[in-house]
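S.K.: Provided below for reference: sequence and predicted model.
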Amino acid sequence: MIIVVTEEEIEQVTKLMKIDVHDHKEFIDKVHAMIDYFDILDSAGVEDEEILMNDVPLSSLRDDKHIPYQDKLIEKLKHYKGTYVRAPKMM
Amino acid sequence: MHQVKNGDISVEEFTAKTMERIHQVDDSIHAFLHVNSDAIEQARSIDKKIKSGEKVGDCFGMPISIKDNICIKDTKTTCASKMLHDFVAPYDATVISRLKQQDAIFVGKVNLDEFAMGLTTEFSAYGPTRNPWNIDYVPGGSSGGSAASVSAFECVASLGSDTGGSVRNPASFCGVVGFKPTYGLISRFGLISYANSIEQIGPITRTVKDTAFMLNIISGHDSNDDTTIDNPQDYLSGIDAGIEGKKIGIIQEMVGEGIDPVVLSATKNAIAKLEGLGATCEEVHLEMVKYSVAAYYTITATEAGSNLARYDNLLYGYDFPVEGYEFNSYISKARTKFGPEVTRRMILGGFVPSAGHAGRYFLKALKVKQKLTREIEQLFKKYDYLIAPTVPVLPFKFGEKINDPIALFLVDINTVTANLTGKPAISVPFEMSNGLPIGVQIIANSNKDKSVLQAAYALESTVKLPEVPI
């Protein structure tokens, strides 16, 4: 059964992804064309394939420890005073 | 560089010549986004080391350009995006610190498609790079600035990143060597992420030997990137080992439908050369190649959707007043700085793994990736190398494919397989057609990076291309 992806579904994802689209129609048409192309995956015959995952044991990862940073990052910011940083007012 | 090592000219003189070349040609090529104004000063300090008898690193002041998605401390790193227009990297990528230790000089940061999403550099927010062989044509991408800068003699080598062919494709279009190593051979620490599970940093150089030289410096395990592998090798030693007695498979799915007859003819000529050097070539099949581009774009869009979520103008972004917006609409508005291709791929990245669609797209793409890997590993039980054209078409003109996303997708069909399967692959410039280069791609099994360089060196030794006309 062919399931058609609707423009409304794409628009809904756009909202959830917090993306503002200008040239709406042309934009959605291109995304739609891309998704249509992905339908070729339906004929790949991989339904029975089991997805294998590589488990990486925690012991293989580096220690989660503080790494000293020599520079003063705060001085790279535009708006700061002492150790306080001015962030955008969001409320 | 031999003249510098022999002491015939100083590092400062060589660097000055390189900078002069950049000023001469880059107005028409536009490979560089930022040029390093301290390069001459850095060259002088290397000269001082030479004069005082201090140990000098293997690069001896070698001028290198860096794709602008790799972090150099205290240097702008824009990813060719307006979103990161003012971003200055606070640390060095591992590849950068390793090159610095060997006294390399970074002459500048070079252009790319925004966030490495594209294959022509037409999606750069700062305008496209032009192909040095003919400036009406695209240089390939996304590492188009890297390939063009090497091709136009604006540097000796460059670092790019290859997610689906982004090193090999522009190398092919610009007539230089481009190498995508085994996944994990080179640290990605300090590479701005696009699709972590398949992308790799790779060198672009004029010769295979230069690629081996670069690999000796930048490859190896890195505790800052737990996907790196420990496989120490000297890539330069034995590079001339030849390919006598080697078995090579010609991937039929990469020389069939849609291939330009001129590219096909060049590939056949390359195969004949390899046979002349003592290799045996046979036709082989990789059935999953047909689905590889769809799988590749599904997987990369999903990872891009996640990676690019950090650009919300709170964690990363630019000065943009918040007055008049509520929280969500502020983020949406700030993200309008993303170009059209990045925005499209973020939307795709939200869609294909979403509830109700993941089984149809993302999970199926992972299954194709897995089956393709099994198929290629089966082939490597019998063959030492696989061969195909790097790109099935010749370089094309600006604007020719930019409005047709599917036509652009299909330019990637011969390169994504190495990324999806994690295998090393190299593009070697082989022939010219109407003044435009054609590259041939050689793929080997994982951790056979040294072997793939040996085959590439053998093929390269049969080729004499003209000088770039710029």
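M.R.: Yep, that arrived.
S.K.: how close does the residue lying farthest from the centre of chain B sit to chain A?
M.R.: Ranked by distance from the centre of chain B (Cα atoms, centre = their mean), the top residue is B:Gly324, with 42.1 Å. Remark: distance between B:Gly324 and chain A (Cβ to the nearest Cβ, to the nearest Å) = 12 Å. For glycine as for every other residue, the C-beta is placed from the backbone atoms N, C-alpha and C.
S.K.: Break down the stretch 251-400 of chain B into its helices, ranges please.
M.R.: With DSSP state H, counting those that start in this stretch, the ranges of helices along the stretch 251-400 of chain B come out as B:261-276, B:289-307, B:327-334, B:340-351, B:362-379.
S.K.: least reliable of those going by mean pLDDT?
M.R.: The minimum mean pLDDT among the helices of the stretch 251-400 of chain B belongs to helix B:327-334 (a mean of 88).
S.K.: Might you report the residue contacts of the residue farthest from the centre of chain B?
M.R.: Shown in contact with B:Gly324 (Cβ atoms under 8 Å, 6 or more residues apart in numbering or on different chains): no residues.
S.K.: quick revisit: can you lay out the helices of the stretch 251-400 of chain B as a markdown table showing mean neighbour count?
M.R.: Formatted as a markdown table, these follow (neighbours: other Cβ atoms under 10 Å in any protein chain shown):
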| stretch | mean neighbour count |
| --- | --- |
| helix B:261-276 | 17 |
| helix B:289-307 | 24 |
| helix B:327-334 | 17 |
| helix B:340-351 | 25 |
| helix B:362-379 | 20 |
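S.K.: closest to B:Thr78 out of the ones you listed?
M.R.: The closest of the helices of the stretch 251-400 of chain B to B:Thr78 is helix B:340-351. By Cβ to Cβ, the value is 12.8 Å.
S.K.: Got phi/psi on B:Asp225?
M.R.: Dihedral pair for B:Asp225: phi -140, psi 100, per degrees, to the nearest 10.
S.K.: Now the phi/psi pair for the residue farthest from the centre of chain B, please.
M.R.: The phi/psi pair for B:Gly324 (degrees, to the nearest 10) is phi 90, psi 0.
S.K.: likewise B:Glu460?
M.R.: According to degrees, to the nearest 10, B:Glu460 has phi -60, psi -40.
S.K.: Give me the neighbour count for it.
M.R.: Using other Cβ atoms under 10 Å in any protein chain shown, B:Glu460 is surrounded by 20 other residues.
S.K.: Report the contact partners of it.
M.R.: B:Val177, B:Thr207, B:Val208, B:Val428, B:Pro429.
S.K.: Okay, and which of these map to helices?
M.R.: Taking DSSP state H as the definition of helices, the contacts of B:Glu460 contribute B:Val208.
S.K.: Let me know the closest of the contacts of B:Glu460 to A:Leu73.
M.R.: Using Cβ to Cβ, B:Val177 comes nearest to A:Leu73 of the contacts of B:Glu460, at 38.4 Å.
S.K.: Would you agree that closest one is in contact with B:Ala425?
M.R.: No: B:Val177 is beyond contact range of B:Ala425, at 11.8 Å (criterion: Cβ atoms under 8 Å).
S.K.: you'd agree B:Phe87 is up against B:Ala80?
M.R.: No: in this structure B:Phe87 lies outside contact range of B:Ala80 using Cβ under 8 Å: 11.8 Å.
S.K.: the more surrounded of these two?
M.R.: B:Ala80 (33 against 18).
S.K.: my read is that one is in a helix, agree?
M.R.: No: secondary structure of B:Ala80 (DSSP: H, G, I helix; E, B strand; the rest coil): coil, not part of a helix.
S.K.: Isn't it up against B:Tyr126?
M.R.: Yes: if you go by Cβ under 8 Å, B:Ala80 and B:Tyr126 touch, sitting 5.8 Å apart.
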